[in-house]
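>>> here are the coordinates; sequence isn't available:
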């Protein structure tokens, strides 16, 4: 069964109710973004005062559209929101995004208006994203929908990202070129009047294009339901959460911002930990962890071997290993004797394995391979600080070329000239 | 009195014993780096087999140099190290850097050789940096000495950086263009046979070109002496330490690497905390904190006001504030009533002050000014996520132009196009 959620990410046609001819208005920018990103479906802008916008035929009302609409996107002023949604429901549109703000988040009056809309939606068996949100993205080649007002061109990846905060979502999208994060789907859920993190968790768990689930949350709409959804999903996709409102001040700020209760933080921590949900402390951690799952095979355990040509970075690495619930692998005697044949006698064949500054590309590659063959090693961290006499590219590419079911994480500190060269000349350099 | 430490950073002449004609050798690269960085003093390379290197007249022995040598840099193979140092001491050189490795760090034999050299140094009332180190840098216009084999061109700043690890020092120097860290002095202390962090702490506390002291340490040579030096310095310069070997594994790794005992970590933590030394957890934290001291006035207290146009980033900021020993300022009634006149009625005049996405440059500037005038506010964090309708440059430049004795920290999340424009067109954009 295709849920009504499906059409938020895979619509074959979208209607933009409140499309505008005025640059920099949301009603213009969202249509412009959809066009520029190359949406593969049909586009129906609605605006009673325009004949066409950005080359698209413009309809004076929703009623005037004769074709089927999979997804209705509403950006009209809030006083027109309810009527617009009614007209979409009358046309049997079951998936509606209400971008417009000024509802529950501004007080009792807005809350009342939001409840009225929610009742309409519910009466028609439809589903609503928002209000007070910034839209959805599906980067897949078959859909190519960027229905947000952030004019970035996100690249296709395997990560789903849900943001309770529109601004934070926008900030993440704005910095994609610098961070090189790649999404499959993005959704801004705003006030979560209807669709919330539980619906999306459930949907993404079923959707094959999503391999890693990331969320920025300020509140759990229904924590028990979240855990139940997580547990009944097969637990085959990593779920990473950045939950704001950790401190009492943060909780107070979250509550005044969204009108939602953000929950006792220690409880949130304990439950996430118990059920294998990964809690991240900031955006960098959220997306770097997601990249870890995207680019590395899953290790079988927590035993790490370290290779290095320099003491200092290795010591910091060991600290980081132990501070993050990992342990230094105890190398087998066989591994040590194999290492002894190729490691400089003044170096070390104990973990961390120290090749000294003279360690070259061949030695690095062989040592990594030997460590990966040791059953007591679950993953390898290979550190290389460029010394004067060893060119970095062969070292780094040699390790890149190793094929293993275990993760090999490279920490490379070459001269700055290296990176441009790597981007151009290495197939891993993107 | 000018200590013998002085000539490590301010030599008018340097002798490179072991200078080489062979590219990629340390004896060549160090001379090349000194030349390219534009050292203002006299340079005397010593190599029995060369007439000249890189355009400098080459001496066949130290004895052959008639002029005074302020700083001797020794890069000869370790079997010649002792004799070379003896010849420098015979010429009354009081400051010697022994770059060469293969001493205490490789075992008992190396330890014995290191002790013999140390005795020579001590008998002549000289001072030694190293062995097993990568040299010193003074970026000041009068000296311009980069006596390391890292061919970067560090810019002049106010930070002193000491690294116990040569490789880590090299990695930091290699990434200066990306991190935009600016040093006054850099020193790699290696095995710390003679000169250690206590000597440098004492020297930098007296040296006017150093305003912030940063150190990467794997061990304290004499912790009591370090604290004493710190306390008797007038406590007028921030001291920031990245101390590796926090975990038991890290401590073991540090001990096997340097032969030094790294100390019970909780004791290190408690003592640093008690005496106002800032302990950082990684390189980013070390240098970002140093930049904080470099670019911001010192706040009088820990009460922070937050301005934002977006809820999510403000909540994460409040979490960060409370997790780092700061508190949200309680704004005065007068401040709130002044804010009420300019903040959108659906926004918030409580801390965090929320201007909503419509907050423009004038509003941002005035709100920041009003908050800074409140006696209950020690510092302001101003967050701006670029919405469709508000251009970022006037917002950011407006806040940049505020003059205040209190720190104003801007968090800007504009479209990626912005940064290039900012680097070119803003005087703050470097």
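Yes, it's here. The structure displayed is predicted, hence computed values, not measured ones.
>>> So, low pLDDT: which residues of the stretch 251-400 of chain A?
The stretch 251-400 of chain A contains residues with pLDDT under 70 at A:251, A:253-263.
>>> got the residues of the stretch 1-150 of chain A near chain B?
A:24-26, A:29, A:102, A:106, A:149 (Cβ under 8 Å from any Cβ of the partner chain). All C-beta spots, glycine's among them, are computed from the backbone N, C-alpha and C.
>>> Could I get the residues you listed in TSV, plus columns for distance to residue B:368?
Formatted as TSV, those follow (distance: Cβ to Cβ, whole Å):
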residue	distance to residue B:368
A:24	25
A:25	28
A:26	27
A:29	28
A:102	26
A:106	24
A:149	27
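>>> Residue A:276 is in contact with residue A:235, correct?
Yes: contact criterion Cβ atoms under 8 Å: residue A:235 and residue A:276 qualify, at 6.8 Å.
>>> who's sitting farthest from the centroid in chain A?
residue A:345 (45.8 Å; Cα atoms, centre = their mean).
>>> State the phi and psi torsions of it.
phi -60, psi -30 (degrees, to the nearest 10).
>>> Report the buried residues of stretch A:201-217.
Residues of stretch A:201-217 classed as buried by neighbour count (16 or more other Cβ atoms under 10 Å in any protein chain shown): A:201-205, A:207, A:209-217.
>>> Could you measure from residue A:18 over to residue B:235?
According to Cβ to Cβ, to the nearest Å, residue A:18 stands 61 Å off from residue B:235.
>>> Could you check which of the two has the larger neighbour count?
residue A:18 (23 against 12; other Cβ atoms under 10 Å in any protein chain shown).
>>> how near is that one to chain B?
14 Å (Cβ to the nearest Cβ, to the nearest Å).
>>> Would you mind confirming that that residue makes contact with residue A:84?
Yes: counting by Cβ under 8 Å, residue A:18 touches residue A:84, with 7.2 Å between them.
>>> Mind listing the shared neighbours of these two?
Residues touching both residue A:18 and residue A:84 (Cβ atoms under 8 Å, 6 or more residues apart in numbering or on different chains): A:74, A:76.
>>> which of the residues of the stretch 1-150 of chain A next to chain B are buried?
Of the residues of the stretch 1-150 of chain A next to chain B, these count as buried by 16+ other Cβ under 10 Å: A:25-26, A:29, A:102, A:106, A:149.
>>> Switch those over to JSON lines; also include pLDDT and secondary structure.
What follows is those, written out as JSON lines (pLDDT from 0 to 100; DSSP: H, G, I helix; E, B strand; the rest coil):
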{"residue": "A:25", "pLDDT": "88", "secondary structure": "coil"}
{"residue": "A:26", "pLDDT": "90", "secondary structure": "helix"}
{"residue": "A:29", "pLDDT": "92", "secondary structure": "helix"}
{"residue": "A:102", "pLDDT": "89", "secondary structure": "coil"}
{"residue": "A:106", "pLDDT": "83", "secondary structure": "helix"}
{"residue": "A:149", "pLDDT": "84", "secondary structure": "coil"}
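>>> In those residues, find the pair that's most separated.
Greatest spatial distance in these: A:29 and A:106, 22.5 Å, computed using Cβ to Cβ.
>>> Just give me the residue closest to the centre of chain A.
residue A:161 (3.7 Å).
>>> residue contacts, it?
Residue A:161 neighbours (Cβ under 8 Å, 6+ apart): A:169, A:172, A:183, A:185-187, A:214-216.
>>> Report the buried residues of the helix or strand hosting it.
Per DSSP states H and E: residue A:161 is located in strand A:156-163. Across strand A:156-163, burial judged by 16+ other Cβ under 10 Å covers A:157-163.
>>> what's the answer for stretch A:384-392, then?
Buried-residue list, stretch A:384-392, by 16+ other Cβ under 10 Å: A:384-388, A:390, A:392.
>>> ditto for stretch A:360-369
Going by 16+ other Cβ under 10 Å, stretch A:360-369 has these buried residues: A:360-361, A:363-369.
>>> okay, those residues in JSON lines with distance to chain B and secondary structure next?
JSON lines is the format used below for the buried residues of stretch A:360-369 (distance: Cβ to the nearest Cβ, whole Å; DSSP: H, G, I helix; E, B strand; the rest coil):
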{"residue": "A:360", "distance to chain B": "13", "secondary structure": "coil"}
{"residue": "A:361", "distance to chain B": "15", "secondary structure": "helix"}
{"residue": "A:363", "distance to chain B": "16", "secondary structure": "helix"}
{"residue": "A:364", "distance to chain B": "15", "secondary structure": "helix"}
{"residue": "A:365", "distance to chain B": "20", "secondary structure": "helix"}
{"residue": "A:366", "distance to chain B": "21", "secondary structure": "helix"}
{"residue": "A:367", "distance to chain B": "17", "secondary structure": "helix"}
{"residue": "A:368", "distance to chain B": "19", "secondary structure": "helix"}
{"residue": "A:369", "distance to chain B": "23", "secondary structure": "helix"}
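>>> So which residues on the stretch 151-300 of chain A come close to chain B?
A:151-152, A:163-168, A:170-171, A:174-178, A:216, A:218, A:244-250, A:252-254, A:256-258, A:282-283.
>>> and the residue lying closest to residue A:32 once chain neighbours are set aside, how many neighbours?
Setting aside the residues directly before and after it, residue A:32 is nearest to residue A:54 in space (Cβ to Cβ, 6 or more residues apart in numbering or on different chains), at 6.1 Å. For residue A:54, the count of nearby residues is 15 (other Cβ under 10 Å).
>>> ditto for the one 4 residues further on
Residue A:58 has 20 neighbours, counted by other Cβ under 10 Å.
>>> roughly how far is stretch A:295-302 from the heart of the chain?
How far stretch A:295-302 lies from its chain's middle: 19 Å, per Cα atoms, centre = their mean, to the nearest Å.
>>> For residue A:168, which residues are in contact?
A:216, A:283, B:310, B:312-313, B:316, B:385 are the contacts of residue A:168 under Cβ under 8 Å, 6+ apart.
>>> out of the residues you listed, who has the most neighbours?
Neighbour-wise, those (other Cβ under 10 Å) top out at residue B:312, 29 neighbours.
>>> How much space separates that one from chain A?
3 Å.
>>> Verify the contact between residue A:241 and residue A:220 for me.
No: counting by Cβ under 8 Å, residue A:241 does not reach residue A:220; the two are 9.3 Å apart.
>>> if we can go back for a sec, can you name the two of the buried residues of strand A:156-163 that sit furthest apart?
Between all members of these, the farthest pair (by Cβ to Cβ) comes out as A:158 and A:163, at 17.6 Å.
>>> The residues of the stretch 151-300 of chain A next to chain B in strands, which ones?
Among those, the members found in strands (DSSP state E) are A:163, A:216.
>>> Skipping adjacent residues, who's closest to residue A:365 in space?
Nearest to residue A:365 is residue A:398, by Cβ to Cβ, 6+ apart, at 3.9 Å.
>>> So what sits opposite residue A:137 in the bridge?
Judged by DSSP bridges, the bridge partners of residue A:137 are residue A:146, residue A:186.
>>> sorry, back to before: redo the buried ones among the residues of the stretch 1-150 of chain A next to chain B as JSON lines? Include distance to residue A:58.
Converted to JSON lines, those look like this (distance: Cβ to Cβ, whole Å):
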{"residue": "A:25", "distance to residue A:58": "14"}
{"residue": "A:26", "distance to residue A:58": "16"}
{"residue": "A:29", "distance to residue A:58": "16"}
{"residue": "A:102", "distance to residue A:58": "25"}
{"residue": "A:106", "distance to residue A:58": "30"}
{"residue": "A:149", "distance to residue A:58": "18"}
